[in-house]
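**Student:** Predicted model and sequence below, questions to follow.
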Amino acid sequence: MLQQLFSPSVQHTLDLVGIFVFAISGALLAVRKNFDVFGIAVLAEVTALGGGVFRDLVIGAVPPAAFTDLGYFLTPFLAALLVFFLHPQVERIQFGVNVFDAAGLGLFCVTGTVKAYDYGLGLTSSVALGLGSAVGGGVLRDVLANETPSLLRWDRDLYAVPAIVGATMVAVCIRYDALGPFTSGLAVVTAFVLRLLAMRYHWRAPRAWNRRSNVREE
Amino acid sequence: MLQQLFSPSVQHTLDLVGIFVFAISGALLAVRKNFDVFGIAVLAEVTALGGGVFRDLVIGAVPPAAFTDLGYFLTPFLAALLVFFLHPQVERIQFGVNVFDAAGLGLFCVTGTVKAYDYGLGLTSSVALGLGSAVGGGVLRDVLANETPSLLRWDRDLYAVPAIVGATMVAVCIRYDALGPFTSGLAVVTAFVLRLLAMRYHWRAPRAWNRRSNVREE
Amino acid sequence: MLQQLFSPSVQHTLDLVGIFVFAISGALLAVRKNFDVFGIAVLAEVTALGGGVFRDLVIGAVPPAAFTDLGYFLTPFLAALLVFFLHPQVERIQFGVNVFDAAGLGLFCVTGTVKAYDYGLGLTSSVALGLGSAVGGGVLRDVLANETPSLLRWDRDLYAVPAIVGATMVAVCIRYDALGPFTSGLAVVTAFVLRLLAMRYHWRAPRAWNRRSNVREE
């Protein structure tokens, strides 16, 4: 097993922060979809924990951490309550939520990659699963809300690419035996900053070449 | 391991009844969505067994019971056949179907919680997974039918709350070492009756406070 | 464990061909849904590998083959790239794609059934899981694209039935101890030819009897 990237308590606190902001994004979508208080809580839970549960099922780490660590399970409820009572205020600070969401993305792509590698996956698969644990919750959120996953849509700012870059940096560090608190922190920050830049400058990925429709939709 | 709640054959019969009524609800939705006979069977299977498969994957009980007990697997086909040939009649007794569905909900939230606890989950997580196994099939049904899960919609009578109450009663009984055929039966009946009352009096959960739109939609 | 059906390298090559054509179908849908290059890659991966990952999670073969065999993981990217640059040409040979897709269907229903049986499932459950691994990726593809799964729609040519026939032939051969390269190859070819015939003659499955609406929609 790789050494702990950060001290356990720091790591745990970071995890909870990431879970919290992901849960906020789920709860806000639930409010927009007019779901009731229970639907808000479910969507908060699924968004925050879905990616990690998928990762843990794939690597055989059952029961998944979401079902063994009470803090992981209860944090999304806190987010759901907050949104339930204060959602206009939460929406007003949407930019702040997005910044935290970017931080969660950076953190989870790194910890997901490390955990997958710890459980014996190859480097490429670990990157894929790191990405999956970072973005999986958001995809589940959109599927449950009966919307096309924003991850896949061309008219959304880059979301997966920052996570791929962060996860790949971790894999390269593992490959050259250079993974430590500094390098993994650097990977988190790189993914975080890339996501912020993508939001700021509306970076988007290209769609397929030679689409039939030549209408300028941009 | 906790003692069996009921004698094995009683338990098994109850499981099959619950699976059957859940399958009916899936098959009826498939007919309404204009699916073919095969789509009806698939939706019946997924609705009846999806929640339990999710629970078993999470606790590591693989292969899930749905794939080892032939009765579990074949019962939904029976429901699909019935709906295929007789669906106007089945729809006419929609109320009866709803009553059985409420019974299935009560039963599965209790047995799901007990099984999760048996596999080593904490009490809170066991409640969450008991709820998940009771309502998971219905969520999968709606996702496959490309509809917003009725579990999450504010304009549906309470469905999850009765299951949460039943699962919580089980957890409290386990905590105080009082789980037996009587107390678990009481939890099943409580969830069942609560769901019936919710349907009868159209109990609903509140939506987020201070929604922008102040139009009275109720 | 059953003997290998084909020599390992032949088996592996066939798997990769099946994965490739399934990935093409996912990538083409992504282009039609106007997803960006990343969405195309994700949908290619999910379509090609989703069914097998589901099968492996159910039988407890973790991590799933999709995460341990680099070829399985990289092949869908090749398909995504091809579609990204050449999708009008790929669409023009849609018929060819459909033929390969039929081949993938035949192959995966057979190998899925065999693998499920190898991991201790009963014959009926093995058939169900063989079917699930053959069609599961396509269902996930449609769910992520926010469309009603084409598997379930009555207005699509038979897709599941050929796979069920192929998987059942394998189960019967196992039952009578007659599974070998010839009989399993026969099952693959039968499913393949049935699917081709279903496309050629637009075979469809019936919908529920006595639908309320008597409008002739055919």
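**Tutor:** All right, it came through fine.
**Student:** What are the buried residues along stretch A:150-158?
**Tutor:** The neighbour-count criterion (16 or more other Cβ atoms under 10 Å in any protein chain shown) identifies A:150-154, A:156-158 as the buried residues of stretch A:150-158. The way it works is simple: take the backbone N, C-alpha and C, and place the C-beta from them, glycine included.
**Student:** check contacts around A:Asp142.
**Tutor:** Shown here is A:Asp142, whose contacts under the criterion Cβ atoms under 8 Å, 6 or more residues apart in numbering or on different chains are A:29, A:148-151.
**Student:** thinking again about what came up before, show me which of the buried residues of stretch A:150-158 is closest to C:His202.
**Tutor:** Checking the buried residues of stretch A:150-158 against C:His202 with Cβ to Cβ, the nearest one is A:Leu152 at 30.9 Å.
**Student:** contacting residues for the spatially most central residue of chain A?
**Tutor:** By Cα atoms, centre = their mean, chain A has its centre lying nearest to A:Ala134, at 3.3 Å. The neighbourhood of A:Ala134, defined by Cβ under 8 Å, 6+ apart, consists of A:51, A:104-105, A:108-109, A:112, A:163, A:167.
**Student:** 10 Å - rerun?
**Tutor:** Going by Cβ atoms under 10 Å, 6 or more residues apart in numbering or on different chains, A:Ala134 touches A:18, A:22, A:51-52, A:55, A:104-113, A:159-160, A:162-164, A:166-167, A:191.
**Student:** which secondary structure element contains it?
**Tutor:** A:Ala134 is located in helix A:123-144, with elements delineated by DSSP states H and E.
**Student:** Restricted to helices, list the contacts of A:Ala134.
**Tutor:** Cross-referencing those against helices under DSSP state H gives A:18, A:22, A:51-52, A:55, A:104-113, A:160, A:162-164, A:166-167, A:191.
**Student:** quick one on the thing from earlier: and the contacts of A:Ala134, which are buried?
**Tutor:** A:18, A:22, A:51-52, A:55, A:104-113, A:159-160, A:162-164, A:166-167, A:191.
**Student:** Could you check how far A:Val46 is from chain B?
**Tutor:** A:Val46 sits 10 Å away from chain B, going by Cβ to the nearest Cβ, to the nearest Å.
**Student:** again but with A:Gly50, I slipped
**Tutor:** Taken as Cβ to the nearest Cβ, the span from A:Gly50 to chain B is 12 Å.
**Student:** any idea of the pLDDT on that residue?
**Tutor:** Note on A:Gly50: pLDDT of 95.
**Student:** In this structure A:Tyr72 contacts A:Asp15, no?
**Tutor:** Yes - the pair A:Tyr72 / A:Asp15 is scored as a contact, 7.1 Å apart, by Cβ atoms under 10 Å.
**Student:** so how many other residues sit close to the closest residue to A:Arg55 other than its chain neighbours?
**Tutor:** Leaving aside its sequence neighbours, A:Arg55 sits nearest to A:Ser133 (Cβ to Cβ, 6 or more residues apart in numbering or on different chains; 3.9 Å). A:Ser133: 27 surrounding residues under other Cβ atoms under 10 Å in any protein chain shown.
**Student:** What of A:Gly122?
**Tutor:** What A:Gly122 shows, counting by other Cβ under 10 Å, is a neighbour count of 17.
**Student:** show me what contacts it?
**Tutor:** Residues in contact with A:Gly122 (Cβ under 10 Å, 6+ apart) are A:116, A:128, A:171, C:63, C:67-70, C:73.
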